[in-house]
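>>> Got a sequence here, can you build the structure:
(2 chains)
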There are 2 protein chains.
Amino acid sequence: MRRWNTVAIIGVGLLGGSIGLALRSRRLADQVVGIGRRASRLRWARLRGAVTSTTTQLAQGVAAADLVVVCTPVEQIVEFVMLASAACSPGTLITDVGSTKEQIVTSLDRRLADGARNRVAFVGSHPMAGSERSGVEHARADLFEGRVVIVTPSYRTRPEACRTIGRFWKSLGAKVLYMTPSSHDRSVGAVSHLPHLVASALATATSPRDLPLAAGGWQDTTRIAAGDAELWRQILLDNRLHVLKSVDKFAKVLSSLREALERNDKARLAQLLAIGKRRRDSVGS
Amino acid sequence: MRRWNTVAIIGVGLLGGSIGLALRSRRLADQVVGIGRRASRLRWARLRGAVTSTTTQLAQGVAAADLVVVCTPVEQIVEFVMLASAACSPGTLITDVGSTKEQIVTSLDRRLADGARNRVAFVGSHPMAGSERSGVEHARADLFEGRVVIVTPSYRTRPEACRTIGRFWKSLGAKVLYMTPSSHDRSVGAVSHLPHLVASALATATSPRDLPLAAGGWQDTTRIAAGDAELWRQILLDNRLHVLKSVDKFAKVLSSLREALERNDKARLAQLLAIGKRRRDSVGS
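You can find the predicted model right below:
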């Protein structure tokens, strides 16, 4: 396992805080610098032991880093990677944890000028280890254990930088998959962004008067709707074309179920429910 | 707490088995008779300690009972209540655990002739404590603790029988709500049957090639789709008019979300997601 000298984490919330805790508990970094705008959140991160030092000055925070991880909301990732790339030392690796990849990677491929690209390398990542909870107070050293992290090289990504970022996530306990940014966005549109939209619609469609009866099924099915609305607004819009396709596919399946129900078609309804059950059973709890 | 002499449970699966385990661990019944068609399942129930004796002969099994609980799939409940009412002793109470109530209660109001009604009393119940798992092997003595059980008297139900059945569920640790059969069906159509249909559609809409990326969000949102397809087929058809209304309400909300996404309307999308989050936050995990 590579031991890092200094890892700089920009944005110390659930994911950034968990990266810090995992690096420290596994002794994979000498220094973990937490960079953020709010001093109160940074103090929390330090008290929790997620970082060894903190700063609100990005340039100062990344100066000594050999790895920078950008953990901000998706709309700010490109901006922070650009700021970090201008301030960090030659040879520094930069990655992110954004839930969408195509716009971020394409934009950075274009904007990181050749000079910057020779000094630093950016490789996009997406740890599929979020939660409806946010904030460093929910960070956990084991958040990435057994979870999938997707690393998304583009044709401009240096292969050795890509491998190093893959090994970084493996060193935190994750299973690493490599995908192109666009196939990443298509897939997570289906397995992550669509479920969020569906969960949100289901929560909204439930009358408050019926909520006292909401048992485990309702709670499971709607749980992710409690996620931060502004973060999800950004993710869904960033990936809107893929999400729209997924919504339409879902709506078509739902309407087959509705039709079987309306027609009182026992055999068809049983068949459709059995298909859903088989698909769900193939994943496990 | 009333202590029962003999409780007969018709159908010893997850719910029937859990009733038996709860009665025995709380010492609320001297005898718990498990009645079923399959000797292998009955043996399991006895080995697990959910029942004290078993039989495949319904008439024999209910003869000594002061309480009969019918835990079969919804389509068979009326038939088994009729069989039990003909074979049990005067004064016996009968309840069920069916997920729908209007058809069952109305049909029994009509079919239990006045003679039978003077001898035995039926009161409909619905413990909202199911699971995507079925079978006595998943039964638990604490399944009903803190869970809602809805008791659904009709205008023909004797008030004292209704109160006794309410106290029965409270003695197993449940919170009891009283509703008419039709308002029950409308409410659970929204908070239980609709989520099942949505979870099933979401599971089916996910391509197998994307399943390796299915993380906690997908797993939560689709979990109940793993429920027994035949049992759910019966429940959904039994309550189809209410479920259809709920599906249409859900589809309308989803289509507002889709429209905001398609128009790239940040403010509207953020607003809709915030409504879903507030609704979900009001329930807790």
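>>> residues near A:Ser25, how many?
13 (other Cβ atoms under 10 Å in any protein chain shown). (Each C-beta comes from the backbone N, C-alpha and C, glycine too.)
>>> Tell me where chain A has strands.
Assigned by DSSP state E, the strands in chain A fall at A:4-10, A:29-35, A:53-55, A:67-70, A:93-96, A:121-127, A:148-152, A:175-178.
>>> in the first one, what counts as buried?
Think strand A:4-10. A:Trp4, A:Thr6, A:Val7, A:Ala8, A:Ile9, A:Ile10 (16 or more other Cβ atoms under 10 Å in any protein chain shown).
>>> And the shortest one, by the same measure?
Across strand A:53-55, burial judged by 16+ other Cβ under 10 Å covers A:Thr54, A:Thr55.
>>> what packs against it?
strand A:29-35, helix A:39-47 (3 or more Cβ pairs under 8 Å, 6 or more residues apart in numbering or on different chains; DSSP states H and E).
>>> Need the contact partners of that strand.
Outside strand A:53-55, the residues that touch it by Cβ atoms under 8 Å, 6 or more residues apart in numbering or on different chains are A:Val12, A:Gln31, A:Val32, A:Val33, A:Gly34, A:Ile35, A:Gly36, A:Leu42, A:Arg43, A:Ala45, A:Arg46, A:Gly61.
>>> Now a PyMOL select for only the buried ones of those.
The PyMOL selection below is limited to those of the contacts of strand A:53-55 classed as buried (16+ other Cβ under 10 Å):
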select buried, chain A and resi 12+31+32+33+34+35+36+42+45+46+61
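>>> from the contacts of strand A:53-55, which two are the most distant?
Largest separation among those by Cβ to Cβ: A:Gln31 and A:Arg43, giving 17.5 Å.
>>> so how far is A:Ser107 from the residue nearest to A:Ile35 when sequence neighbours are not counted?
Closest residue to A:Ile35 apart from its sequence neighbours, by Cβ to Cβ, 6 or more residues apart in numbering or on different chains: A:Gly61 at 3.9 Å. Distance, A:Gly61 to A:Ser107, using Cβ to Cβ, to the nearest Å: 23 Å.
>>> Likewise for A:Lys245?
22 Å.
>>> before we move on, the earlier item: check what pLDDT the residue nearest to A:Ile35 gets.
The model reports A:Gly61 with a pLDDT of 97.
>>> from what I can see A:Glu132 touches A:Asp220, true?
No. Using Cβ atoms under 8 Å, A:Glu132 makes no contact with A:Asp220, being 11.6 Å away.
>>> check contacts around A:Ala161.
Applying Cβ under 8 Å, 6+ apart to A:Ala161 gives the contacts A:Leu93, A:Ala121, A:Val123.
>>> Leaving out chain neighbours, which residue sits closest to whichever residue of the stretch 101-250 of chain A sits closest to chain B?
Closest residue of the stretch 101-250 of chain A to chain B, Cβ to the nearest Cβ: A:Ser200 (3.3 Å). Residue nearest to A:Ser200 in three dimensions, not counting chain neighbours: B:Gly276, with 3.3 Å by Cβ to Cβ, 6+ apart.
>>> show me what contacts the closest residue to A:Arg268 other than its chain neighbours?
Nearest non-adjacent residue to A:Arg268, counting by Cβ to Cβ, 6+ apart: A:Ala260, 4.1 Å away. Residues near A:Ala260 by Cβ under 8 Å, 6+ apart: A:Arg268, A:Leu269, A:Leu272.
>>> Show me which of the residues you listed is closest to A:Glu137.
Nearest to A:Glu137, judged by Cβ to Cβ, of the contacts of A:Ala260 is A:Leu272 at 42.2 Å.
>>> which helix of chain A spans the most residues?
Across chain A, the helix with the greatest residue count (assigned by DSSP state H) is helix A:240-262.
>>> mind checking how far it is from the chain centre?
Averaging C-alpha positions (Cα atoms, centre = their mean, to the nearest Å) puts helix A:240-262 25 Å from its chain's average.
>>> between it and helix B:240-262, how many degrees?
Per axes from the mean of the first three to the mean of the last three Cα atoms, to 10 degrees, the angle that helix A:240-262 makes with helix B:240-262 is 170 degrees.
>>> any idea of the mean pLDDT for helix A:240-262?
98.
>>> in that helix, what counts as buried?
Buried positions in helix A:240-262, judged by neighbour count with 16+ other Cβ under 10 Å: A:240, A:242-244, A:246-247, A:249-251, A:253-254, A:256-258, A:260-261.
>>> Please name the spatially closest residue to A:Ala64 (chain neighbours excluded).
With Cβ to Cβ, 6+ apart, the residue lying closest to A:Ala64 is A:Thr6, at 4.7 Å.
>>> Please name the bridge partners of the one you found.
A:Gln31 (DSSP bridges).
>>> ditto for A:Phe122
Per DSSP bridges, the residues bridged to A:Phe122 are A:Ile94.
>>> wait, what's in contact with it?
A:Phe122 touches A:Val81, A:Ser85, A:Ile94, A:Thr95, A:Asp96, A:Leu108, A:Leu112, A:Thr157, counting by Cβ under 8 Å, 6+ apart.
>>> who touches A:Lys75 in this structure?
Not quite, residue A:75 is Glu, not Lys. A:Glu75 neighbours (Cβ under 8 Å, 6+ apart): A:Gln234, A:Asp238.
>>> Look up how far chain B lies from A:Glu259.
From A:Glu259 over to chain B the distance is 10 Å, taken as Cβ to the nearest Cβ, to the nearest Å.
>>> Identify the residues contacting that residue.
Per Cβ under 8 Å, 6+ apart, neighbours of A:Glu259: A:Asp265.
>>> Okay, it and B:Arg26: tell me how far apart.
46 Å.
>>> same deal with A:Trp218?
Using Cβ to Cβ, A:Trp218 is found at 28 Å from B:Arg26.
>>> more neighbours, the two?
A:Trp218 (26 against 14).
>>> Find the residue ranges of chain A scoring beneath the pLDDT cut-off.
A:115, A:117 (pLDDT under 70).
>>> what are the ranges of the helices in it?
Under DSSP H, chain A gives helices at A:14-25, A:39-47, A:58-62, A:74-87, A:102-111, A:114-119, A:159-171, A:181-188, A:194-205, A:216-222, A:229-238, A:240-262, A:266-281.
>>> Out of those, which one sits most buried?
Mean neighbours per residue, mean count of other Cβ atoms under 10 Å in any protein chain shown, is largest over these for helix A:194-205, with a mean of 27.
>>> quick check: angle from it to helix A:229-238?
130 degrees.
>>> With only the CA atoms kept, save helix A:194-205 in PDB.
Extracted as PDB, the C-alpha positions of helix A:194-205 are listed here (Å, rounded to 0.1, in the frame of the first residue of the first chain):
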ATOM      1  CA  LEU A 194     -33.700   7.100 -10.900                       C
ATOM      2  CA  PRO A 195     -34.300   5.500  -7.400                       C
ATOM      3  CA  HIS A 196     -33.800   8.900  -5.800                       C
ATOM      4  CA  LEU A 197     -36.500  10.500  -8.100                       C
ATOM      5  CA  VAL A 198     -38.800   7.500  -7.500                       C
ATOM      6  CA  ALA A 199     -38.400   7.600  -3.700                       C
ATOM      7  CA  SER A 200     -39.000  11.300  -3.700                       C
ATOM      8  CA  ALA A 201     -42.200  11.000  -5.800                       C
ATOM      9  CA  LEU A 202     -43.400   8.200  -3.500                       C
ATOM     10  CA  ALA A 203     -42.800  10.300  -0.400                       C
ATOM     11  CA  THR A 204     -44.600  13.300  -1.900                       C
ATOM     12  CA  ALA A 205     -47.500  11.200  -3.100                       C
END
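>>> elements contacting it?
helix A:216-222, helix A:229-238, helix A:240-262, helix B:194-205, helix B:216-222, helix B:240-262, helix B:266-281.
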